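>>> Please find the sequence and the predicted model below.
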Amino acid sequence: QVQLVESGGGLVQAGGSLRLSCAASGSIFSINAMGWYRQAPGKQRKLVATITSSGSTNYADSVKGRFTISRDNAKNTVYLQMNSLKPEDTAVYYCNADLLDGRALHKRYNYWGQGTQVTVSS
């Protein structure tokens with residue numbers, strides 16, 4: 001079993017910054033891609049940013065130049081540095097991991113964290 005535990009959400013004024021963290025623990029052989037998604041009230045969950053094990057990144061157009069995703073492979077942790085936050089960034093942010101299970105067959109699984117609320121006031 002694998003768990004993703006997020007932290008770092010909160011309330012911030014527009015123009016401010018927050019840093020989200022997500023640590024994966026449990027039976028893990030290796031982690032391929034990790035990423036952040038967000039879901040605003042009444043809307044679908046959408047991709048924010050992803051990062052592969054080699055460090056290749058992908059961002060939603062709406063956050064390019066403001067958000068930076070990074071990861072520490074030794075700690076199985078992914079980060080999201082969010083700068084110049086806007087009210088429209090308000091959402092629940094979810095961590096995602098695409099990984100190979102640590103048990104004998106090394107099956108591929110996709111896991112989600114429980115989500116962390118980010119609220120940006122105007």
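Looks like it came in fine.

>>> When you work out contacts or count neighbours from here on, use the C-alpha atoms and nothing else.
Noted.

>>> Give me the distance between Arg19 and Ser121.
The spacing between Arg19 and Ser121, counted by CA to CA, to the nearest Å, is 17 Å.

>>> In this structure, which residue is most central in space?
Most central in the chain under CA atoms, centre = their mean is Trp36, positioned 2.7 Å from the mean C-alpha point.

>>> who are the neighbours in contact with that residue?
Leu47, Val48, Ala49, Thr50, Leu80, Tyr93, Tyr94, Cys95, Asn96 (CA atoms under 8 Å, 6 or more residues apart in numbering).

>>> just these now: which is nearest Ser30?
Asn96 (14.0 Å; CA to CA).

>>> Relative to Ser84, how far out is Val78?
20 Å.

>>> Looking at the two, which has the bigger crowd around it?
Set Val78 next to Ser84 and count neighbours by other CA atoms under 10 Å: Val78 wins out with 25 against 15.

>>> Now that one: closest residue in space, sequence neighbours ignored.
Arg71 (4.1 Å; CA to CA, 6 or more residues apart in numbering).
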